[in-house]
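Asks: Got a predicted model here, sequence first, then my questions.
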Amino acid sequence: MNNINLKEKNSSLFTNFVKNVINNPSIEVQKNFMDVSLKIAQTIKKICEEEKLIFDVPYNGKKYWEHGKNYQSCFVDGGVFSSVESSSAPFAIRSKSYIVKPSETLSNREKFEETIAYMGDLYDSQNNIYDLSEDPYEDNQLLNKKKDAARIVFEIACIVKHIFEKQKFNYCLLHGPLQTPVMPFSGPEFPQFKKNVVQNILPFLNLNKKEEKLNDRHFINVYLESLKYLLKSKFPIYGIVEKTNSTIYLRNLLLRSYKKGKIAENDYNRMVSTIIRYKINDGSLFSLILADSQALKPLEVEKQIPSKAWGDWDVQMNSFPKTFIGYLKTNSHQAPIRIESLKKSENLMDDYKYILASSKLLPNYGFPAGLDVVDKAAKIPAWLGRAAKSYYSKYYLDLAIESKNTKNVSSALKMLQGGRVWKNRPRAGKVKK
Amino acid sequence: MRKIISLKPNLNKLKSNLVENKISDPWTSIGTILGQTSIDDYSFHLKKFKAKKGDIVAAEAKQPTGDGRVIDVIVWGRIMEIISCNEFLPNEAAKELTEGNIDIQDTILPLTKNDAICTVKNLGYTTNDPNKKLSLMPLNYPVYPGGAVKYPASKDLESLLNTDMKGRNPIFIGNLVARKDVDVQVSADNMVSRHVLVIGMTGSGKSVWVRRAVRELMTKQYPILIIDPHGDNLGIVQKAKKLFPDHKIKLFYPKISASENNKEVIYTLIERLGNKLTEPQYDFLNWVLTKTDYETGTSLIQYISILIQKSNKAAENKRNKSTKSSDGPGNTGASTMGVVSRSLRKVYAKLNEMEQSNTSNRNKYPHLKFEELPDPYSQPEKIIQKSQVSILYLKGYESLPSSTIVSILLESLFNHRSAGNRTIPPFFTVLEEAQNFIPSKSEGQDGYPSVSTIKKIATEGRKFGTGLMLVSQRPYRLDETVCAQMNSYIILRLKNERDQRFVKNTMENWDNEEAKQLPNFANGQGIVSGQITNLPLTVQIKFDDDLTNEDIGDENFIADVQNWKETPENKKKREFSKDFDEVFDVDKRKPH
């Protein structure tokens, strides 16, 4: 079983291989990369087998859906309008749910629900020295972080809402990880959400009733509260990750074996170091190890690393729930998908069967069809985003004028004018049509 | 924000125009016009199942006028195509469902996200001025995106289609394919004077249309001549006698004869039906023809037998060395004369055979009374008469003799009309299997006498009331010049690409979207366009089943075989044959 045939395995390794070839065009390097990858794969497979982590997920599409049609499932994804402005972020953001119960009559079988939508300032400008001013990072890093934080919270808030409304789903799948490391958002400059935003998206928090503490509306706190609420769910919730460059499973697997005394400390350290040097990740490695419809049992992992946070977030980061991470290979030619949950699954096989059957509906893509559907539905089309942007720019100018701050007004005007665009470039020797 | 104009107030104005057809149902909104529109067409997002291909829909618009005003109008258009798409259903999912034999209903794939996008071809606009006639005008400004698309009430649509038909002798032909409750009428005036081309493959409903048109013209007592090579219209004879007791329904079989002044037609037929002749042989044939008087009205077969006698006589004289000036040109040899005689005998035999074949076909309908075609020169009134339908039954005749017969007949009738002596009234000719009479040049059938005759009638017929209806299943085989003279078209189902190309090349304002419909029409469905109608329409032609002939349905050969009984003669023949075989088996002297 340890003989892994590279040719027969999937293309994610090949993708990595090509990347390395581009960086290091030498044939020796290529060969060395292949040799190392193969050896690591063989070793890790042995460890997985030793730990009894690999299991087969049976699949028979017709047979499965004959009873799978009775499940009511909810697929969740978020969409953000991606206009980049170096100012307080004008967001058009929403999270959508595709709720489907195939056995119902057509009028009741499926629902596309805009569970949460928001347009405008998500972040509070009070006590935020960066609002209406320059981004302290280059390349709009702060803006991107604000967008990411908003999207992450909105997606989880969507599931929170379903739990709050006591929905009776058999499954709830999120497009993306169920828990994200919060370290990037721990910097001192990261703004708080507006009060009404938090009230809107997290109805259970009820901010009015309790005395508000510093940073209550900070992303890390809001996110933590949301994830804790997810633990109350009566239905299984999984985050499905399509592409993974992470080594989280691999490293936890090695650590676990090391802690169990099955591998030596020196070997553990050397292996981790090799994985880093060769940029081996879970996706490429497990696509070599797993066959079609094979899965890795979930490992319980810590996603938050308080020591890496910029501010004093130790208490919160230690309070985040643990995450269970597994992998499932949904076809023969794609990297396995990562499956995350916050609770240990009660019916792991059944749940994986459902995820596999949903993914087999898209045999090439190998990703749950319901998530593909909601991904398309959640995207904010350009026309809607542009409309939101122009509405918001005008609103922002009004605010700036009211503030009587010339810097603010200047900044707002820049936003209205828009940037330099390629189509305005002068052309030589041609009449512009 | 743009003001959306409601169609309802416009319709109220429109109502005053439609005195006999009151608007009873409100027009329902069925969709919204999409982002880009043009003078010719637009697309709209359709509410599910609220319209179908071929439907006529209406959209509000504004049109600039010549005097600088902008007026509210209704733009009428036809749905040419409906595209249904589900962007949430990737192709690979469909593949998995197929290969896994999985019912999509059982899976989590969405079923409700099908969008229907319609493409509409603009037909024109109508104004709402009660003082103006309700007629379609060409668009000069597109409809605006975001506007509502409405589904007009049947009565209103019917009024639009049939407006201005009064005074043009409207005749009912059927219903819109897409709206069964909308009756369609065409102008009989334009039909009988300006020629109609009816095309469609076998089983497409050409006969359905012919029966419909003939029946309606009969109610108007219009004289009709049907040239029927296959007997497709014998049903009219059988049934119409009961349905139209005051009408004369005449069924004729041909007699090939000509008048003195177009006997060249006869000569051509003899030349082309016979063997290929050398120059001396041809000279002799010419000599015999010119020396043998052709008496007007003489049967061609009689005439040829005289020619044969004359040729034989000349050859005999030649062999006996008795040279007379009347025995042929110059030094024509007896053998040359013999060859010509043989060729004439071949012509005689062929014509005789065709006549016999026609007779035996006629004999299949003992209950029908066939008459010999009267001489069209001296007795045209026996063929063309008010309230008379004359059918010339040509079954059994090959295409060249048929062409000759039709040429002689139509030429003569046309001459009577063009002479202006009121011998016969205006009449309408239905030419079935038109490709046999007006073959295109590419068919290599040059010199068919009927081509020039029909060309003349097509060009000048309008002046003299000799309208034509050409019916064909192979339009690409038709003469292009004649087709170009057709002013109205009935286009039924056509699958052959060459036929579709012909339609596209011949008809003005024909577009690819219309061509796409052609292979999919059901029996009796087709496009009616040209001067007989206000606008091109996709119509289900009414089926006049009371005019069909049960005797002349499709042959049922399987039933024939099942009921087959061997004749006693055949049975005996087989028995004896077996005996003979036994004799020959023991015959040792038989040659090897």
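Replies: Perfect, I can see it now. Owing to the predicted nature of the structure, the values given are computational and were not obtained by experimental measurement. Numbering: from 1, shown residues only, chains lettered A, B, ... in the order given.
Asks: What's the nearest residue in the stretch 101-250 of chain B when you look at chain A?
Replies: B:Asp106 (3.9 Å; C-beta to the nearest C-beta). Where you see a C-beta, it was placed from the backbone N, CA and C, and this is true even at glycine.
Asks: How many neighbouring residues does that residue have?
Replies: By other C-beta atoms under 10 Å in any protein chain shown, the residues close to B:Asp106 number 19.
Asks: And for the one 4 residues further on?
Replies: Other residues lying near B:Pro110 total 24 when counted by other C-beta under 10 Å.
Asks: follow-up on the earlier one: confidence score at the residue of the stretch 101-250 of chain B closest to chain A?
Replies: Here, the pLDDT recorded for B:Asp106 equals 93.
Asks: Look up how far B:Ser204 lies from it.
Replies: 42 Å (C-beta to C-beta, to the nearest Å).
Asks: Likewise for B:Ser38?
Replies: For B:Ser38, the distance to B:Ser204 - C-beta to C-beta - is 33 Å.
Asks: what does B:Val430 give?
Replies: 16 Å.
Asks: got it, and A:Arg386?
Replies: According to C-beta to C-beta, A:Arg386 and B:Ser204 sit 52 Å apart.
Asks: What helix or strand is residue 118 located in?
Replies: Just so you know, I chose chain A. strand A:110-120 (DSSP states H and E).
Asks: ah, no, chain B please
Replies: Using DSSP H and E, B:Cys118 maps to strand B:115-126.
Asks: OK, contacts around the residue most central in space within chain B?
Replies: What sits nearest the mean C-alpha location of chain B, by C-alpha atoms, centre = their mean, is B:Val471, with 1.8 Å. Contacts for B:Val471 were tallied using C-beta atoms under 8 Å, 6 or more residues apart in numbering or on different chains; they are B:Val198, B:Ile199, B:Lys206, B:Val210, B:Val430, B:Leu431, B:Glu432, B:Glu433, B:Ala434.
Asks: per-residue confidence at residue 287?
Replies: All of this is about chain A. Reported pLDDT for A:Ser287: 89.
Asks: not what I meant, chain B
Replies: pLDDT at B:Trp287 comes out at 86.
Asks: Could you do the one 4 residues further on as well?
Replies: With respect to pLDDT, B:Lys291 has a value of 82.
Asks: One more: B:Val265?
Replies: The model reports B:Val265 with a pLDDT of 70.
Asks: cool, the one 4 residues further on as well?
Replies: Among the per-residue scores, B:Leu269 shows a pLDDT of 75.
Asks: One more: A:Ile129?
Replies: The model reports A:Ile129 with a pLDDT of 40.
Asks: Over to A:Asn24?
Replies: 56.
Asks: How about B:Gly396?
Replies: For B:Gly396, the model assigns a pLDDT of 92.
Asks: For it, grab the count of nearby residues.
Replies: By other C-beta under 10 Å, 21 other residues sit near B:Gly396.
Asks: With adjacent residues omitted, what lies nearest to it?
Replies: Of all residues not flanking B:Gly396 in the chain, B:Ser357 sits nearest, at 3.2 Å (C-beta to C-beta, 6 or more residues apart in numbering or on different chains).
Asks: How about B:Val186?
Replies: Of all residues not flanking B:Val186 in the chain, B:Ile532 sits nearest, at 4.0 Å (C-beta to C-beta, 6+ apart).
Asks: can you check B:Met165 too?
Replies: Setting aside the residues directly before and after it, B:Met165 is nearest to B:Gln185 in space (C-beta to C-beta, 6+ apart), at 5.3 Å.
Asks: just to revisit the earlier point, contact partners for the residue of the stretch 101-250 of chain B closest to chain A?
Replies: Shown in contact with B:Asp106 (C-beta under 8 Å, 6+ apart): A:Trp65, A:Glu66, A:Gly68, A:Lys69, A:Pro102, A:Ser103.
Asks: what ranges of the stretch 301-450 of chain B fall below the confidence cut-off?
Replies: Filtered on pLDDT under 70, the stretch 301-450 of chain B yields the residue ranges B:322-330, B:444-446.
Asks: Just name the shakiest helix or strand of chain A by mean pLDDT.
Replies: Between all helices and strands in chain A, the lowest mean by mean pLDDT, DSSP states H and E belongs to helix A:11-23, at a mean of 58.
Asks: ok, then the element right after that one?
Replies: helix A:27-50.
Asks: I'd like the mean pLDDT over that following helix, please.
Replies: pLDDT averaged over helix A:27-50 gives 87.
Asks: which secondary structure elements does that helix contact?
Replies: Applying 3 or more C-beta pairs under 8 Å, 6 or more residues apart in numbering or on different chains; DSSP states H and E, we find helix A:27-50 packed against helix A:11-23, helix A:248-259, helix A:265-277, helix A:282-289.
Asks: So which other helices or strands are in contact with the third one?
Replies: By that I understand helix A:265-277. helix A:27-50, helix A:248-259.
Asks: Highest mean neighbour count across those, which stretch is it?
Replies: Stretch with highest mean neighbour count among those: helix A:248-259 (a mean of 18; mean count of other C-beta atoms under 10 Å in any protein chain shown).
Asks: the domain parsing of chain A - what is it?
Replies: Domains of chain A are assigned by automatic domain parsing as A:1-52+A:247-280, A:57-246+A:290-380, A:385-418.
Asks: Could you look over the ones you listed and pick the most buried one?
Replies: Of all those, domain A:57-246+A:290-380 has the most neighbours on average by mean count of other C-beta under 10 Å, namely a mean of 19.
Asks: starting at the chain centroid, how far to it?
Replies: With C-alpha atoms, centre = their mean, to the nearest Å as the basis, domain A:57-246+A:290-380 stands 6 Å off its chain's centre.
Asks: Endpoints of that domain, how far apart?
Replies: End-to-end distance of domain A:57-246+A:290-380 (C-alpha to C-alpha, to the nearest Å): 36 Å.
Asks: hmm, it in reach of chain B?
Replies: Yes - using C-beta under 8 Å from any C-beta of the partner chain, domain A:57-246+A:290-380 reaches chain B at A:61-62, A:65-66, A:68-69, A:73, A:75, A:98, A:100, A:102-103, A:106, A:109-110, A:112, A:358, A:360-365, A:369-370, A:372-373, A:376-377.
Asks: Just the ones in helices from those, please.
Replies: Those of those mapping onto helices are A:61-62, A:65-66, A:68, A:106, A:109, A:358, A:360, A:369-370, A:372-373, A:376-377, per DSSP state H.
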